[in-house]
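1. Sharing a sequence plus its predicted fold:
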Amino acid sequence: MGEHTGIEWTDATWNPVTGCTKVTRGCDHCYAATLAERRLFDVYTRQKPVVDTPDNRVNPFAVRLWPERLDYPIRWSEPRMIFVNSMSDLFHADIPDDYVRAVFEVMLTADWHIYQVLTKRPGRAVRFWKQHGPSLGLKRIPKHIWMGTSVEDEEVLFRVNQLRMLDARVRFLSCEPLLGPLPSLDLKGIHWVIGGGESGPDARPVDPPWAKQLRDICVRKRVPFFWKQWGGRTAKAGGRILEGREWSQYPQVSGVA
């Protein structure tokens, strides 16, 4: 499951949890929710359901834990960058602390990979680490576990401040879908920025000046910048070229303070 992915900024996905709930307008056209609905349709029309419950039929994107998937990174001997929970949010309120801890324990064990943990709930991430970090034997989140948050517009810039409270060696932002300009974005303590437009049949277009402004802030602050896509009806419809070039920068982990 998830050993390969078309997401440009990672190598593989790992989903020990699936399902989520929408919290801000960046979630409006969530690809993971759409995919979950399609998969549920396939299950009920083409094959016997794996789990047949009323809740599954009513809400295909309900939060579900998959403990049988926890050890996948340990099985993968070749080092890779792994996007953790591309189909969920590790810090969703419905995921018990003990399970989040189990996910971290796997990441700490299989430390030959780089893990990219992206959340729209960095406040809970901070609370979790303050409570569980010491008992995991760590003062800081190690450099092979990157902690990020989503920032689609200025209304959610508070997430950046919360992310900065995480004692992580690598903190990153995903500004995708980029739904407005971010002139007030402060990149202090941030080590990587991903930007991109929305994709799908109802994709909201990204204004090129927003993308250029985001790139310019990163260049000015010397923060690596990755422009994932312009978006459109499909993720690759608009390509990745921003002012004549592809931006595919990554943080230099060894140089992170």
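-> Sure, I can see it. What you see is a predicted model, and the numbers here were worked out from it, not measured in a lab.
2. hang on, residue 148 packs against residue 117?
-> Yes. Judged on Cβ atoms under 8 Å, residue 148 makes contact with residue 117 at a distance of 6.7 Å. Backbone N, C-alpha and C define where each C-beta goes, glycine included.
3. The stretch 151-257 of the chain: helices as residue ranges?
-> Remark: helices assigned in the stretch 151-257 of the chain by DSSP state H, counting those that start in this stretch are 158-164, 208-221.
4. cool, the stretch 1-150 of the chain as well?
-> Counting by DSSP H, counting those that start in this stretch, the helices of the stretch 1-150 of the chain are 31-46, 54-58, 72-75, 97-109, 122-132.
5. lowest-confidence stretch among those helices?
-> With a mean of 57, helix 54-58 has the lowest mean pLDDT of the helices of the stretch 1-150 of the chain.
6. Reformat the helices of the stretch 1-150 of the chain as JSON lines; add distance to residue 235 and mean neighbour count.
-> Formatted as JSON lines, these follow (distance: least, Cβ to Cβ, whole Å; neighbours: other Cβ atoms under 10 Å):
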{"stretch": "helix 31-46", "distance to residue 235": "8", "mean neighbour count": "14"}
{"stretch": "helix 54-58", "distance to residue 235": "27", "mean neighbour count": "11"}
{"stretch": "helix 72-75", "distance to residue 235": "24", "mean neighbour count": "16"}
{"stretch": "helix 97-109", "distance to residue 235": "26", "mean neighbour count": "16"}
{"stretch": "helix 122-132", "distance to residue 235": "25", "mean neighbour count": "18"}
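7. looking at these, which is closest to residue 240?
-> Nearest to residue 240 among those is helix 31-46; the distance by Cβ to Cβ comes to 17.3 Å.
8. picking that back up, compare the helices of the stretch 1-150 of the chain and give me the one nearest residue 206.
-> Among the helices of the stretch 1-150 of the chain, helix 31-46 comes nearest to residue 206, with 15.6 Å by Cβ to Cβ.
9. Over to residue 151: give its phi and psi.
-> Here is the backbone geometry of residue 151 (degrees, to the nearest 10): phi -140, psi 100.
10. Tell me, what's the model's pLDDT at it?
-> At residue 151, pLDDT is 98.
11. cool, residue 253 as well?
-> If you check residue 253, the pLDDT there is 78.
12. count of residues packed around it?
-> For residue 253, the count of nearby residues is 13 (other Cβ atoms under 10 Å).
13. What distance do you get for it to residue 61?
-> Distance of residue 253 to residue 61, given as Cβ to Cβ, to the nearest Å: 33 Å.
14. Generate a markdown table for the helices of the stretch 1-150 of the chain, with distance to residue 194 as supplementary columns.
-> Formatted as a markdown table, these follow (distance: least, Cβ to Cβ, whole Å):
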| stretch | distance to residue 194 |
| --- | --- |
| helix 31-46 | 15 |
| helix 54-58 | 32 |
| helix 72-75 | 21 |
| helix 97-109 | 20 |
| helix 122-132 | 15 |
